[in-house]
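Chemist: Build the 3D model from these lines:
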Amino acid sequence: MTRRVVILGLDGMPLAVLFRLIDLGVIPYTKHLVQKSFVKDLHVDLPFTFASWASISTGCNPGKHGVFDCLLPQPGDEPRLVAREFVERPTISEIVALKGLKAITLNVPMTYPPVVKSNHIVISGWTYPKLVAWPSSELETARKFVWREGSPPPIRTLEDRVKHMIESVERRCEFLEYMYKNRSWDLFYTVIPESDWVFHIALGEIVNAKGVGRLALRIFERIDKLIRSLHESAPSNTLFIICSDHGFMEAHTSL
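Modeler: Numbers count the residues shown, from 1 in each chain. Presented below is the predicted three-dimensional model:
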């Protein structure tokens with residue numbers, strides 16, 4: 001029997017905050033999984049988004065995959081945002097595809113454009129300058145879920161920003177559920193960035209469930225529903241991995 005693998009990345013999610021969300025009763029299905037799973041807070045060589053996701057995607061440390069920051073210096077020119085071409089090792093999705101198995105990589109940093117295209121569906125991540133897809137026939141499907149017609153509502157307050165993220169994660173989860181259930185795969189790899197985005201603006205309010213943080217908890221409620229949907233509909237003999245690139249913490253003092 002072919003073993004399948006799901007990798008669900010929660011960007012910027014520290015284990016301590018995950019446990020806090022469990023204590024608040026926000027992510028009951030994730031709590032159920034945690035209680036019967038192996039859980040480990042791993043050492044991070046470079047606690048930066050690009051370096052960490054490159055390590056997760058390749059299984060190599062920064063000295064081997066060559067990614068140390070989000071920008072790559074260019075002599076005599078402006079720095080360039082790191083893309084797939086600067087990652088010096090194959091990703092797990094590409095290795096799976098090379099073995100003749102089917103991989104789906106959605107919204108994962110530094111995976112577009114894909115080096116290995118056979119057996120591989122790739123939708124660009126939020127770090128890529130625009131929404132693109134391989135094969136190109138998948139682009140219209142992504143647009144139906146991720147994009148909305150018309151101009152977005154004006155964002156004037158912190159509450160407006162959180163509401164915008166709630167809508168964003170809802171669309172993203174709908175798209176992930178659709179691809180998960182309507183495409184064939186042996187590896188399904190995706191990253192959700194909204195956890196990181198909202199921690200940047202409301203970490204303290206979230207962990208204390210106060211103010212705008214109470215509204216922001218809806219983001220994690222939707223992620224929990226996604227985890228339940230993916231886990232309960234996973235084929236038998238599926239390895240289910242939830243991971244993160246780095247974590248946040250509250251700074252009580254400054255220099």
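Chemist: For the stretch 101-250 of the chain, which segments count as helices?
Modeler: Listed in chain order, the helices of the stretch 101-250 of the chain (DSSP state H, counting those that start in this stretch) span 139-146, 158-182, 194-207, 212-232.
Chemist: in the lowest-mean-pLDDT helix or strand in the chain, what counts as buried?
Modeler: Sorted by mean pLDDT, DSSP states H and E, the helices and strands of the chain end with strand 71-74, the least confident at a mean of 85. By 16 or more other CB atoms under 10 Å, the buried positions in strand 71-74 come out as Leu72. Where C-beta positions appear, they are placed from N, C-alpha and C, glycine not excepted.
Chemist: Pull the distance from whichever helix or strand comes after it to the chain's centre.
Modeler: Sequence-wise, the next helix or strand downstream of strand 71-74 (DSSP states H and E) is strand 77-81. How far strand 77-81 lies from its chain's middle: 24 Å, per CA atoms, centre = their mean, to the nearest Å.
Chemist: mean confidence for strand 77-81?
Modeler: Strand 77-81 shows a mean pLDDT of 87.
Chemist: Paired strands for it, with orientation please.
Modeler: Sheet pairing here is set by DSSP bridges, and for strand 77-81 it gives strand 71-74 (antiparallel).
Chemist: Sketch out the low-pLDDT regions of the stretch 151-255 of the chain for me.
Modeler: Counting by pLDDT under 70, the ranges of the stretch 151-255 of the chain that qualify are 151-153, 249-255.
Chemist: In this structure Phe175 contacts Glu138, no?
Modeler: No. With contact defined as CB atoms under 8 Å, Phe175 does not count as touching Glu138 (10.7 Å).
Chemist: Could you check how far Pro28 is from Glu174?
Modeler: Distance of Pro28 to Glu174, computed by CB to CB, to the nearest Å: 21 Å.
Chemist: Which one of these two is surrounded by more residues?
Modeler: It is Glu174, of Pro28 and Glu174, that has more neighbours when counted by other CB atoms under 10 Å, with 15 against 12.
Chemist: how close does the residue nearest to the more buried one when sequence neighbours are not counted sit to Val169?
Modeler: Spatial nearest neighbour of Glu174, excluding adjacent residues (CB to CB, 6 or more residues apart in numbering): Phe145 at 5.4 Å. Distance, Phe145 to Val169, by CB to CB: 12 Å.
Chemist: quick one: which of the two has more around it?
Modeler: Neighbours of Phe145 and Val169, each counted by other CB under 10 Å, are more numerous for Val169; the result is 23 against 17.
Chemist: list the contacts for the more buried one?
Modeler: Residues in contact with Val169 (CB atoms under 8 Å, 6 or more residues apart in numbering) are 192, 194, 219, 222-223.
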